[in-house]
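Asks: fold the following, please.
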Amino acid sequence: MITLTRAKLHLRLAITEEEATAYTDEDAIIQGLINGAYQYAEHYTQATLTTRTKTLVLDGFPAGSDAIELPWSPVTAIESLEYIDPAGNEQSLDAETLRLDTRPIYPLLAPQWGSRWPSTTDEPESVTITATAGEAETPPDVEIAILLLIGHWYENRESVSSGGYQEVPMGVDMLLAPHRIHAVG
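Replies: Numbering: from 1, shown residues only. Modelled structure (predicted):
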């Protein structure tokens with residue numbers, strides 16, 4: 001993830017890392033721009049660009065051993081899978097009992113070969129899957145796009161500037177395009 005120091009250097013608020021660390025007047029504003037730029041990039045690409053924990057809540061398991069399509073890409077690990085059994089007791093499945101197939105764009109989670117999903121209570125929100133999703137490192141072209149957005153938003157803090165309406169720089173979408181997951185339907 002782009003740090004405050006890297007953003008300050010990009011914005012030319014400092015020349016050295018020491019100067020960037022010492023300059024704290026606009027840290028909240030710049031951090032907001034970093035967060036907003038990552039959110040824009042993730043919305044545009046439909047991919048998770050920073051490593052974080054995600055949670056999916058389901059009303060039950062699919063029939064038999066059918067896979068669950070996880071709505072994040074990429075997924076690096078399943079942290080936990082908890083469910084409510086038919087007696088109303090909370091249970092959990094160990095990661096060793098699960099198969100995570102990361103080959104599709106959206107990873108698939110299934111029980112190990114030859115086993116089936118357990119039964120759950122007939123209530124909503126009876127299954128909770130917690131996973132680690134996102135890139136370990138921001139790809140270089142995505143990082144450049146995010147820095148372009150930060151710079152653009154820093155210089156144009158209002159929706160309309162005195163020079164007229166200014167859109168997000170064209171280069172941003174071009175840099176993010178190779179990482180975009182296209183949805184059908």
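
Asks: and residue 151, what does it touch?
Replies: For residue 151, the contacting residues are 10-11, by CB atoms under 8 Å, 6 or more residues apart in numbering. Heads up, the C-betas are built off the backbone N, CA and C, glycines and all.

Asks: so it sits in a strand?
Replies: No: counting by DSSP: H, G, I helix; E, B strand; the rest coil, residue 151 is not part of a strand but helix.

Asks: from residue 158, how far off is it?
Replies: Separation of residue 151 from residue 158 (CB to CB, to the nearest Å): 16 Å.

Asks: nearest spatial neighbour of residue 13, skipping sequence neighbours?
Replies: Counting by CB to CB, 6 or more residues apart in numbering, residue 23 is the residue found nearest to residue 13 once chain neighbours are left out, at 5.8 Å.

Asks: count of neighbours near that neighbour?
Replies: Residues lying near residue 23 (other CB atoms under 10 Å) number 15.

Asks: so how far is residue 154 from the nearest residue to residue 144 once chain neighbours are set aside?
Replies: Nearest non-adjacent residue to residue 144, counting by CB to CB, 6+ apart: residue 175, 5.7 Å away. For residue 175, the distance to residue 154 (CB to CB) stands at 18 Å.

Asks: is it true that residue 77 touches residue 130?
Replies: No: if you go by CB atoms under 8 Å, residue 77 and residue 130 don't touch, sitting 9.7 Å apart.

Asks: okay, these two: which has more neighbours?
Replies: residue 130 (15 against 11).

Asks: for that one, list each beta-bridge partner.
Replies: Counting by DSSP bridges, residue 130 is bridged to residue 55, residue 80.

Asks: touching, it and residue 75? I think so.
Replies: No: using CB under 8 Å, residue 130 is not in contact with residue 75, being 10.9 Å away.

Asks: who's in contact with the residue nearest the centre of the chain?
Replies: For the chain, residue 48 is the residue whose C-alpha lies nearest the centre (CA atoms, centre = their mean; 2.7 Å). Residue 48 makes contact with 42, 54, 72-74, 133-135, according to CB under 8 Å, 6+ apart.
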